[in-house]
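Participant: Task: produce atomic coordinates for the following.
(2 chains)
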Amino acid sequence: MNRPPLLSIQNLRAWYRPGKHILTDFSIEINAHEAIGLIGLNGAGKTTFLNLLSGLHPHFHADRILVDGCESTLRNPDFKLRRYTVFAEDHSFQYFTFWEYLSYVFAAYGQKIPDVSCLVEEFHFGEYTDMLLKDLSMGNQKKAFLITAFALKPELLLLDEPVNGLDFASTEYLYQLIAGYKEHGTVLFSSHILESVTLTSDRVLVLENGKIQKNFEQEEIDTAKIREALHEETHL
Amino acid sequence: MKKHIYKAFAKKLFGARYERLGKTVFTEIILFYSLHITGLQVRIAPSVLYVMTTVFTAGIMWQALSSSDHAGQLKHMLMLPFVGKEFISGYVGMLGIYTLITKTTMLWSAVFAVSDRNLPELIVSVLCALNGVFLPSLIFVLLRNMDAYRFFLPLHRVFAKPFYMGQSSGRQSPWQTVHAARLTPQKSGCAYMWKYFFRYLTAHKNYLVNTAAMCGIACVLPLLFGNTEPGFILPIGLGILSMNTPLCTLLSCDPSLNQAVRFLPGQKRLFCVSYCVFIFGVNLSVDIIFLLSLAARLGSLGMDAFLMAVFFALQGAVGSVWLEWSYPIKNWKIESDLWHHPRKYIVPAALVLIAGLLGTVPWFLYILYGILGIEILAVRCSFEG
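Facilitator: Coordinates of the predicted model:
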């Protein structure tokens, strides 16, 4: 028997101001253990969608939201425990050190802290673990949140423009982590860099004006085709 | 160019369509008429009015200039080819206009509603208000040697860094830390959060000064009450001391933290309980200073006094955290808006009213304890639901 999708959302509409929809007729099925890349022009609705899945966007309506085939909400405490988000810009918990932030997040998820030394080393973050987050550069703050995310290994990992602000070596390492995440769960991430989605994803969704314009399955993922879809969007 | 700078800052402070202007005028008219129709008349000497206007305006202006809420954006704006003096005068000028229109006139609408003033007094008041804008601006700029970049950087960034660097020096290496964590039991999330609150309190001098001021007030409050009935001094004093309101706006003044605690799981329990205990601890410390001061004046105080202090500190903490979680203050333009937002004063106002009641019916405290117990149970149930 086939396992139901991890998350299924039907006919989603989201808005900031009534009457002006950011997402519209948006239906998606997210399966367990897959890597999905979201790509689209600025204002296409990528961040809104990820914020919505994080339970932060209050203005939306969906005909149905199913988690593992059962009716649920995006703010359901059980669903919260199964997902973690790294935001494009995050200035939260600025008076924690990385180490304290990691411990706090693991306490919130009720998990024991695993050995994160490999993640810390590969992200070249060793000398910053004892500094307050507010004293770190944007790239290093992003690394702190990414290390926490990949150490936590939630069933659904949401990453909003994760490569922004990262150095070259860390970006390469992040690609490896995203591509290998299927072993632990599902990763859904947005990016403006074509290479980042083609190298790592099983599925690429091209968003346009709040809708999924194209869905490229694994065998169809091709830089030229995705570029073409984005160009069509630009010329509309 | 100057016109564009003024326009940019005006839109930032008053809103894209200057909608805040209309809202402020409307609020001031309501405040003026609601006080005026009560027929209440208070005699305020002109000198008191002038000092009050100057100190109030200067205080708000200084706070607005030294707050860090716009520092990041302003730093980026300095990249643009603005003329330094025009940029600084534009920013300070608009901040001054904003302070006068949204803060000082609010004070005047209350004062003028309850005391009659003649034209010369009004003119001198306006001059005092202008003085309250110019003087702190001048001192602020002079203290920073007219250096535009440092001008916009708040003091705490300069002083807080060495403090934290000193704190982190001499610690074990990250590898030792990581491995130590696997060997030692994990601390509870609440312990981390208290550490976080303590750092936050010490890094923001406004919060620290306010808390220190409350301790000072707690010391002298029994003397200020003079020969008032002791049974009345205690609850009223505790009610007044619950006004350490800046502590109760942590989520409102940090939107990123507000976002984070809403997407992480279990935060109603982990964050809110830690926050509540932290506010309770600070409130109770101030209340104990007040009790000691009162005991020194009256001779001794019974257990009832301590129970009453616990009630006020706990009720203040529970109410403040509930309001902050359910209705965080949004859309504020400068930190001062947050500091003077009426929502902040709901809990202290309710506690002062309760204090008035307890002053006349002391046994009512036990009923209030019952109500507080029900509140805590209701909050606990809502957390679990």
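Participant: for the longest helix along chain A, which positions count as buried?
Facilitator: In chain A, with assignment by DSSP state H, the single longest helix is helix A:138-152. Going by neighbour count (16 or more other Cβ atoms under 10 Å in any protein chain shown), the buried part of helix A:138-152 is A:140-152. C-beta: built from backbone N, CA, C; applies to glycine.
Participant: Summarise which helices and strands the helix or strand bottoming out on mean pLDDT in chain A is packed against.
Facilitator: Every helix and strand in chain A was compared by mean pLDDT, DSSP states H and E; the lowest is helix A:223-235, with a mean of 76. Packing contacts for helix A:223-235, counted by 3 or more Cβ pairs under 8 Å, 6 or more residues apart in numbering or on different chains; DSSP states H and E, involve strand A:35-40, helix A:194-200, strand A:203-208, strand A:211-216.
Participant: mind running it again at 6 Å?
Facilitator: Applying 3 or more Cβ pairs under 6 Å, 6 or more residues apart in numbering or on different chains; DSSP states H and E, we find helix A:223-235 packed against no helix or strand.
Participant: burial measure for the closest residue to A:Ser201 other than its chain neighbours, as a count.
Facilitator: Of all residues not flanking A:Ser201 in the chain, A:Gly37 sits nearest, at 3.7 Å (Cβ to Cβ, 6 or more residues apart in numbering or on different chains). Residues lying near A:Gly37 (other Cβ atoms under 10 Å in any protein chain shown) number 27.
Participant: my guess is A:Gly37 contacts A:Asp202, does it?
Facilitator: No: the criterion here is Cβ atoms under 6 Å, and A:Gly37 misses it with A:Asp202 at 8.7 Å.
Participant: quick one: contacts for A:Leu205?
Facilitator: Residues in contact with A:Leu205 (Cβ atoms under 6 Å, 6 or more residues apart in numbering or on different chains) are A:Leu38, A:Ile212, A:Asn215.
Participant: For those residues, which entry has the maximal number of neighbours?
Facilitator: When neighbours are counted by other Cβ under 10 Å, A:Leu38 leads the contacts of A:Leu205 with 27 neighbours.
Participant: The residue in the stretch 251-385 of chain B that chain A sits nearest to and B:Trp363, how far apart?
Facilitator: Residue nearest to chain A within the stretch 251-385 of chain B: B:Ala260 (3.4 Å; Cβ to the nearest Cβ). From B:Ala260 across to B:Trp363, the span is 44 Å (Cβ to Cβ, to the nearest Å).
Participant: These two - which one has more neighbours?
Facilitator: More crowded of B:Ala260 and B:Trp363, by other Cβ under 10 Å: B:Ala260, with 24 against 8.
Participant: dump the residue contacts of the more buried one.
Facilitator: B:Ala260 sits next to A:Ser92 when contact means Cβ under 6 Å, 6+ apart.
Participant: Pull the residues that contact the helix or strand hosting B:Phe9.
Facilitator: Using DSSP states H and E, B:Phe9 falls within helix B:2-14. Contacts with helix B:2-14, where a contact means Cβ under 6 Å, 6+ apart, come from B:Arg20, B:Leu21, B:Glu86, B:Phe87, B:Gly90, B:Tyr91, B:Met94, B:Tyr98, B:Lys333.
Participant: May I ask which of the residues you listed comes out lowest in pLDDT?
Facilitator: Among the contacts of helix B:2-14, B:Glu86 carries the lowest pLDDT, at 75.
Participant: and that residue, how many neighbours?
Facilitator: Neighbour tally, B:Glu86, other Cβ under 10 Å: 16.
Participant: For the residue in the stretch 101-250 of chain B that chain A sits nearest to, list the residues it contacts.
Facilitator: At 3.4 Å from chain A, B:Gly189 is the closest residue in the stretch 101-250 of chain B, using Cβ to the nearest Cβ. B:Gly189 makes contact with A:Tyr104, A:Ala107, A:Ala108, B:Leu270 under the criterion Cβ under 6 Å, 6+ apart.
Participant: Find the residue at the geometric middle of chain B.
Facilitator: Centre of chain B computed as the mean C-alpha position; nearest residue by Cα atoms, centre = their mean is B:Pro246, 2.7 Å away.
Participant: For B:Phe278, give its distance to B:Gly359.
Facilitator: Distance, B:Phe278 to B:Gly359, using Cβ to Cβ: 29 Å.
Participant: residue ranges with poor pLDDT in chain A?
Facilitator: A:1, A:233-236 (pLDDT under 70).
Participant: Go through the contacts of helix B:2-14 and say which is closest to A:Leu177.
Facilitator: Nearest to A:Leu177 among those: B:Lys333, at 40.6 Å, using Cβ to Cβ.
Participant: does that closest one count as helix, strand or coil?
Facilitator: Secondary structure for B:Lys333, judged by DSSP: H, G, I helix; E, B strand; the rest coil, is coil.
Participant: Quick check: nearest residue in space to it, chain neighbours excluded?
Facilitator: Using Cβ to Cβ, 6+ apart and skipping residues adjacent in sequence, the residue nearest B:Lys333 is B:Leu13, 5.0 Å away.
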